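S.K.: Task: produce atomic coordinates for the following.
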Amino acid sequence: MNSAFTYPDVAPVLAKLNTPALLSLASSLAGTPAALSASVPAITAGWILLILDFPAIAGQRWAARIPRDQDYPFVTYCAAPLLYAARAFPRVPAPRVHAYAECGTANPLGVGYMLVDWIAGTPLRDVLQHGTTPSQRHRVMEQLARAMLDMLTQRVEPGDDVVYYGVPAGTPPHTPVSTTAWLTTSVDRLLKRCLARRAPRDAIYALIARSMVPRHVAAKHEHSAWVVCHGDLHGGNIIIDGDSGGSDEAGGFNIAGLIDWDYTAALPLQKAAVWPKLLHTLPGGGGVGGELAADKELFLRIFAAQERARTGATALTELIATSEERAFFEVAHHVAPIREAWVERYCDLRDEGNLSAAERELGRFVDGEGEGGFVWEHESVSEVAEMLRGMVQRAQEGRDAADQMAVETETPARRGVATPSV
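M.R.: Residues are numbered from 1 along each chain as shown. Reported below is the predicted structural model:
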């Protein structure tokens, strides 16, 4: 976090903020006087943070999160996930929202804001640098499994005010779609970006990915319920309580909170039921997460036991256990380094099967675009089609040359030619 004086966009927002009104509101909500923890706010990506203490209540602390961009609809993407979490799975230790006002609305504070719990403790990533015992890690796995199970077993209902992430354009609000439709739409967003910036080779990679959608859909969950699950559970977002240094017998080393819920949204079950980042990193992921990768099997055993006790089945356990390739495929659509790793592994442009699949998917994509979309006459589509034709021709020529060479190097006996006797 940085000082407010570093950023020119912060001063105009702070000039509008009515700090006495903020303190008055927090004091009224908490039932005890509030005070600023520091005179200078902290600045993070997109946010101004004012930390509020309540001297009469030991350990209670809130954060006033104020968007630096006062045109940003943060309630939808940042407050709504926390409000949903508090209502749908209250045992999950997410920060609680105490008050909020959307940007652009008249309110006593003069700016858009939300007041949320400040989770006291230490990020698990930092705790792990000092070493942990097996029993401490087991405690974390138990609590993380319980939180994930709470989230994954709570289906989103039509009236729930959460964003349905990645549904096709024109889908009615709060309406789930099939996993295949959702995943195809995810690939198509990448494809359209490639076409828009006239990147035909990248578009071909996206078309190959489009052809692979069916193999990355868990058939049993094609029409499963959609759920909301925190998708960024790495060691920086898991806060361990202040007793983390205590002995296991004393009840230390507990998860005090799961933070950073911004953009958490409703997702198809198979997208949500994946390894938490704490336990797994994707190829090309830049090392984010994976702090306790050695404990994957421990987590899975604990999760399976909890799921079996709660539901009598292990369907979610099976989804998590088999999620690595599905997650690699889906995240590659929107994270460039992971996409590069995926392309290197799966998109050999000398492979006639890949090229034929790309040609077929280009036709399906264009035919499904409709009026106003990418049509065959569009320059970027024509470039892709022409590049594909050239690649297919070269691949066929290479195959023909290889076949001819194989014929020429065959022994006469294998070609059916009689060899003279000696």
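S.K.: can you give me the helices for the stretch 101-250 of the chain?
M.R.: Secondary structure of the stretch 101-250 of the chain, counting by DSSP state H, counting those that start in this stretch: helices at 124-128, 134-152, 179-196, 200-211.
S.K.: Could you dump those into CSV with mean neighbour count, mean pLDDT and distance to Ala225 added?
M.R.: The way it works is simple: take the backbone N, C-alpha and C, and place the C-beta from them, glycine included. Below are those laid out as CSV (neighbours: other C-beta atoms under 10 Å; pLDDT from 0 to 100; distance: least, C-beta to C-beta, whole Å):
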stretch, mean neighbour count, mean pLDDT, distance to Ala225
helix 124-128, 19, 94, 30
helix 134-152, 20, 96, 10
helix 179-196, 20, 97, 11
helix 200-211, 23, 98, 26
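S.K.: avg pLDDT for stretch 337-355?
M.R.: This predicted structure assigns stretch 337-355 an average pLDDT of 95.
S.K.: Give me the buried positions along it.
M.R.: If you call a residue buried by 16 or more other C-beta atoms under 10 Å, then stretch 337-355 has these buried ones: 338-339, 341-343, 346-347, 349, 354-355.
S.K.: And for stretch 210-219?
M.R.: Going by neighbour count (16+ other C-beta under 10 Å), the buried part of stretch 210-219 is 210-213, 216-218.
S.K.: okay, how far is it across that stretch, tip to tip?
M.R.: From its first residue to its last, stretch 210-219 covers 17 Å (C-alpha to C-alpha, to the nearest Å).
S.K.: Would you mind giving the buried residues of stretch 210-219 as a markdown table with distance to Gly290 added?
M.R.: Formatted as a markdown table, the buried residues of stretch 210-219 follow (distance: C-beta to C-beta, whole Å):
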| residue | distance to Gly290 |
| --- | --- |
| Arg210 | 29 |
| Ser211 | 30 |
| Met212 | 25 |
| Val213 | 27 |
| His216 | 22 |
| Val217 | 26 |
| Ala218 | 24 |
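S.K.: so where's the stretch 151-300 of the chain shaky on pLDDT?
M.R.: Scanning the stretch 151-300 of the chain with the threshold set as pLDDT under 70 gives 243-251, 286-287.
S.K.: in it, which spans are strands?
M.R.: Using DSSP state E, counting those that start in this stretch, the strands found in the stretch 151-300 of the chain span residues 226-228, 238-240, 255-258, 266-268.
S.K.: Mind checking which of the buried residues of stretch 337-355 land in strands?
M.R.: Counted as lying in strands by DSSP state E, out of the buried residues of stretch 337-355, is not a single one.
S.K.: could these be laid out in TSV, adding distance to Met391?
M.R.: As requested, these are exported to TSV (distance: C-beta to C-beta, whole Å):
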residue	distance to Met391
Ile338	24
Arg339	20
Ala341	22
Trp342	19
Val343	15
Tyr346	16
Cys347	12
Leu349	6
Asn354	9
Leu355	5
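S.K.: So for stretch 315-324, what gets flagged as buried?
M.R.: Of the residues in stretch 315-324, those buried under the neighbour-count criterion (16+ other C-beta under 10 Å) are 316-321, 323.
S.K.: my bad, should have said stretch 13-26
M.R.: Of the residues in stretch 13-26, 13-14, 17, 22-23, 25-26 count as buried by neighbour count, 16+ other C-beta under 10 Å.
S.K.: Just the CA coordinates for that stretch, please, in CSV.
M.R.: Listed in CSV are the C-alpha atoms of stretch 13-26, where the atom choice follows Å, rounded to 0.1, in the frame of the first residue of the first chain:
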residue,chain,number,x,y,z
VAL,A,13,-11.8,12.1,-4.2
LEU,A,14,-10.5,12.9,-0.7
ALA,A,15,-11.5,16.5,-1.2
LYS,A,16,-15.1,15.4,-1.6
LEU,A,17,-15.0,13.0,1.4
ASN,A,18,-16.8,14.1,4.5
THR,A,19,-14.6,12.5,7.1
PRO,A,20,-16.7,13.6,10.2
ALA,A,21,-19.7,12.0,8.5
LEU,A,22,-17.7,8.8,8.0
LEU,A,23,-16.8,8.6,11.6
SER,A,24,-20.3,9.4,12.7
LEU,A,25,-21.8,6.7,10.5
ALA,A,26,-19.3,4.1,11.7
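S.K.: Show me what that stretch is in contact with.
M.R.: Surrounding stretch 13-26, the residues in contact under the criterion C-beta atoms under 8 Å, 6 or more residues apart in numbering are 4, 33-36, 41, 48, 50, 52, 54, 62, 64, 66-68, 70, 98-99, 108-111, 113, 115.
S.K.: let's go with 7 Å and repeat that
M.R.: With C-beta atoms under 7 Å, 6 or more residues apart in numbering as the test, stretch 13-26 has contacts from 4, 34, 48, 52, 62, 64, 66, 68, 70, 99, 108-111, 115.
S.K.: could the strands of the stretch 151-300 of the chain be laid out in TSV, adding distance to Arg389 and mean neighbour count?
M.R.: Conversion of the strands of the stretch 151-300 of the chain to TSV gives the following (distance: least, C-beta to C-beta, whole Å; neighbours: other C-beta atoms under 10 Å):
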stretch	distance to Arg389	mean neighbour count
strand 226-228	40	24
strand 238-240	51	27
strand 255-258	51	21
strand 266-268	36	26
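S.K.: From Ala26, how far off is the nearest residue to His221 once chain neighbours are set aside?
M.R.: In space, and not counting its chain neighbours, His221 is closest to Gln270: 4.7 Å by C-beta to C-beta, 6 or more residues apart in numbering. Counting by C-beta to C-beta, to the nearest Å, the gap from Gln270 to Ala26 is 41 Å.
S.K.: Next, the buried residues of stretch 305-318.
M.R.: Buried residues in stretch 305-318, counted by 16+ other C-beta under 10 Å: 306-307, 314, 316-318.
S.K.: Out of these, which sit inside helices?
M.R.: Among the buried residues of stretch 305-318, the members falling in helices are 306-307, 316-318 (criterion: DSSP state H).
S.K.: between those, which is closest to Val127?
M.R.: For Val127, the nearest member of these is Gln306. The distance, counting by C-beta to C-beta, is 23.2 Å.
S.K.: which residues touch Ile204?
M.R.: Contact criterion C-beta under 7 Å, 6+ apart gives 349, 358, 384, 387-388 as the residues in contact with Ile204.
S.K.: Lovely, talk soon.
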